[in-house]
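Enquirer: Predicted structure and sequence below. I'll ask about it afterward.
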Amino acid sequence: MRFEFEHLGTPTPFELTEGHHLLGGGPDDHVHLEGLPPGLLTLRIDSGRLMVEAVRSFTVNAVRVLPGVSRLVVPGEVLGLPDGMCLRVLAEPSAPGRGVGTVAVLKGLLTDADLPPSRAATLTCLTGLDVGRCHALAEACTDIGRGDGAALRLRDRAVSRMHARIRREDPGFLLEDLGTPNGVFLNGVRLEAPAPLMDGDVVELGRSLLRFQAAFDEASGEARPVPRPMATVEEPAEAATPRPPEGGPRRLEGWIIAGAVALALGALLVTSLVAATG
């Protein structure tokens with residue numbers, strides 16, 4: 001596994017094989033890095049997974065990790081160390097001709113699966129008894145807690161029976177505190193109101209840390225098309241123009257003319273009779 005240690009602006013790359021490694025500035029440390037306290041970090045690499053534990057508080061991507069807590073760290077994350085020093089976990093270069101995305105690499109490391117990455121968003125436990133466990137957010141609501149009714153149960157006594165809820169709100173997810181005394185922290189900041197989750201966010205419940213991973217195509221920047229219902233607006237039917245009976249206007253005109261002629265003939269006949277009798 002590849003790393004890069006940075007101190008006073010100078011990066012120092014190095015690699016570690018699988019196994020346990022003690023990292024610090026002491027003479028007995030397996031990896032001696034000048035400027036670090038002796039025996040600061042314990043790195044355990046097993047099947048491509050990296051677990052990090054420290055004798056004092058440190059951060060991963062600016063999220064604090066308590067002393068003595070073993071934390072799963074994935075490539076791309078940065079460990080904040082004392083006096084402005086940092087340790088970067090570098091991603092392994094992909095094989096030539098294989099365009100495997102970063103998200104696919106991360107999901108493979110977290111789930112130990114050779115299958116293509118899930119199209120569902122996931123939560124992965126980074127600390128505690130459930131470390132490495134991956135939960136797909138396939139439902140509209142996912143309750144997280146220690147109780148039997150929680151969809152994602154954590155074996156953490158500092159977690160309430162119903163601690164937090166993640167709600168699907170298209171096109172993403174919202175994290176909500178269910179009114180717990182210990183609170184819910186998102187990237188180290190306590191939630192005061194429901195907040196949206198972004199790819200790579202770290203959720204803190206009690207002594208448990210969980211990493212949110214967006215769905216594969218969302219994280220790769222390919223937005224899923226949201227089908228919109230096509231509004232079927234029926235055009236108003238044209239008002240039917242009443243058709244006159246066949247030949248109606250012309251027939252009516254003929255009857256009028258015939259009537260006028262009859263009246264004229266009648267008047268002429270009456271006039272003739274009057275004149276003859278006079």
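Expert: Here it is on my side, so go on.

Enquirer: From here on, just use CA atoms for contacts and neighbour counts.
Expert: Will do.

Enquirer: quick one, what contacts Gly172?
Expert: 196-197 (C-alpha atoms under 8 Å, 6 or more residues apart in numbering).

Enquirer: Can you classify Leu129 by secondary structure?
Expert: In three-state terms, and counting by DSSP: H, G, I helix; E, B strand; the rest coil, Leu129 is coil.

Enquirer: So it sits against Arg155, correct?
Expert: Yes - between Leu129 and Arg155 there is a contact under C-alpha atoms under 8 Å: 6.3 Å.

Enquirer: Next, count neighbours for the residue nearest to Met85 when sequence neighbours are not counted.
Expert: Leaving aside its sequence neighbours, Met85 sits nearest to His7 (C-alpha to C-alpha, 6 or more residues apart in numbering; 5.0 Å). Residues lying near His7 (other C-alpha atoms under 10 Å) number 17.

Enquirer: Name the residues linked to His7 by a beta bridge.
Expert: Taking DSSP bridges as the rule, His7 bridges to Thr10.

Enquirer: cool, Arg44 as well?
Expert: His20, Met51.

Enquirer: Who are the contact partners of it?
Expert: 18-21, 50-52.

Enquirer: coming back round to it: my guess is the residue nearest to Met85 contacts Cys86. True?
Expert: Yes - the pair His7 and Cys86 qualifies as a contact (C-alpha under 8 Å) at a distance of 7.0 Å.

Enquirer: Domains in this structure, by residue range?
Expert: 2-90, 121-214 (the TED database).

Enquirer: Make a markdown table out of those domains and add mean pLDDT.
Expert: Formatted as a markdown table, the domains of the chain follow (pLDDT from 0 to 100):
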| stretch | mean pLDDT |
| --- | --- |
| domain 2-90 | 93 |
| domain 121-214 | 94 |
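
Enquirer: And Pro67, how far from Val78?
Expert: 17 Å (C-alpha to C-alpha, to the nearest Å).

Enquirer: More neighbours: which of the two?
Expert: Using other C-alpha under 10 Å, the more surrounded residue of Pro67 and Val78 is Val78, with 20 against 14.

Enquirer: mind listing what the more buried one touches?
Expert: By C-alpha under 8 Å, 6+ apart, the neighbours of Val78 are 60-61, 86-89.

Enquirer: okay, the residues you listed in a markdown table with distance to Ile144, neighbour count and secondary structure next?
Expert: A markdown table is the format used below for those (distance: C-alpha to C-alpha, whole Å; neighbours: other C-alpha atoms under 10 Å; DSSP: H, G, I helix; E, B strand; the rest coil):
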| residue | distance to Ile144 | neighbour count | secondary structure |
| --- | --- | --- | --- |
| Val60 | 22 | 21 | strand |
| Asn61 | 23 | 18 | coil |
| Cys86 | 32 | 21 | strand |
| Leu87 | 31 | 19 | strand |
| Arg88 | 30 | 21 | strand |
| Val89 | 29 | 21 | strand |
